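Q: when you get a sec, could you give me coordinates for this:
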Amino acid sequence: MTGRRPAPRPRGRRSSARSRKRKQAYTGGEILVGVVIIGWLFSQLVHWLAAHPWVPVLVAMLAGAGGFVWFRSRVQADALRQTQVRALRYPMAALDGLQHRQFEHAVRDLMLRDGCVDAVQVGGAGDNGADVKATDPFGRRWVIQCKHRRAGLAGAAVGTPDLHVLNGTGRPVHKGDVIVLVTNGRFTKPATEFARSQRLHLVDRHTLAAWAAGPRPLWELLRAVPPPRRPTTLS
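A: Next comes the predicted model:
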């Protein structure tokens, strides 16, 4: 019986393997050439700097001057921003004309004015009843819900359902010390009674006007605010 000859290997595989080896060789050679060129350029730079020692000194001086100018501009900008924040005032007509989200930002800005440097607006989907959070200079954590009424006092009064949500999340969820509901309108009598029983603080239109128009912080306008968490120069 005549034995079968083994099937010849496809030439395509051999050619592809050779081409891969060539590519790898080319890639390795290119990397080596690149390393050599970079090394040569670096050595030339070192020699040039050794021949011109004043260049690094000049670069360092320019960098230092640029850093000083940048730092000084930042300090001046921060000082101007703090001055503008401390001078912040809102007439009630301006607050009435805001959209709800803008009203939240206005309340945040008033807390910043009062020295709550970490005041932040957090209202939105999934906010769990909090629109603004802040820590005052005495270490107390404030959790604030905002209810804006386009018609002011003529708008719908804020009732107990809104306070139920805030009361259920202000302390257990947001870890607040001072739980507040702010409105440019008014509260119902049941809401006022409920807030008193649950140690919630209500800021109605009258209190908001005094807070927004003057330099007094909110904790000086509210009754029975919890004592400071830590002693400060303000306490």
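
Q: any idea how far residue 135 lies from residue 154?
A: According to C-beta to C-beta, to the nearest Å, residue 135 and residue 154 sit 35 Å apart. Placement of C-beta: from N, CA and C, glycine included.

Q: also residue 114?
A: Taking C-beta to C-beta, one finds residue 114 at 29 Å from residue 154.

Q: okay, those two: which has more neighbours?
A: Per other C-beta atoms under 10 Å, whichever of residue 114 and residue 154 has more neighbours is residue 114, with 22 against 9.

Q: check contacts around the more buried one.
A: 136, 217-219 (C-beta atoms under 8 Å, 6 or more residues apart in numbering).

Q: need the max-distance pair from those.
A: Maximum pairwise distance in the contacts of residue 114, criterion C-beta to C-beta, is 8.5 Å, between 136 and 218.

Q: so for the residue lying closest to residue 187 once chain neighbours are set aside, what's the pLDDT?
A: Of all residues not flanking residue 187 in the chain, residue 158 sits nearest, at 5.0 Å (C-beta to C-beta, 6 or more residues apart in numbering). Model confidence at residue 158, given as pLDDT, is 97.

Q: next, give phi and psi for residue 158.
A: phi -80, psi 130 (degrees, to the nearest 10).

Q: for the one 4 residues further on, same thing?
A: Reported as degrees, to the nearest 10, the phi and psi values for residue 162 are phi -70, psi -40.

Q: shouldn't residue 68 be within a strand?
A: No: assignment of residue 68 by DSSP: H, G, I helix; E, B strand; the rest coil gives helix, placing it outside any strand.

Q: make 9 the starting number, not 1.
A: With 9 as the first residue, the last one maps to residue 76.

Q: count of neighbours near it?
A: Residue 76 has 10 nearby residues by other C-beta under 10 Å.

Q: contacts only, for it.
A: Contacts for residue 76 (C-beta under 8 Å, 6+ apart) come out as none.

Q: that one and residue 50, how far apart?
A: Residue 76 is 31 Å from residue 50, by C-beta to C-beta.

Q: which residues does residue 75 contact?
A: So residue 75 contacts nothing (C-beta under 8 Å, 6+ apart).

Q: then whichever strand or helix holds residue 141 to PDB, C-alphas only?
A: Element membership for residue 141, per DSSP states H and E: strand 140-143. Only the C-alpha atoms of strand 140-143 are listed here, as PDB (Å, rounded to 0.1, in the frame of the first residue of the first chain):
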ATOM      1  CA  VAL A 140     -29.700  73.200  52.400                       C
ATOM      2  CA  LYS A 141     -27.200  71.900  54.800                       C
ATOM      3  CA  ALA A 142     -24.600  73.900  56.800                       C
ATOM      4  CA  THR A 143     -22.400  73.900  59.900                       C
END
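
Q: list the buried residues of the very next helix or strand once past it.
A: As assigned by DSSP H and E, the chain's next helix or strand after strand 140-143 is strand 149-155. Within strand 149-155, the residues scored as buried using 16 or more other C-beta atoms under 10 Å are 149-155.
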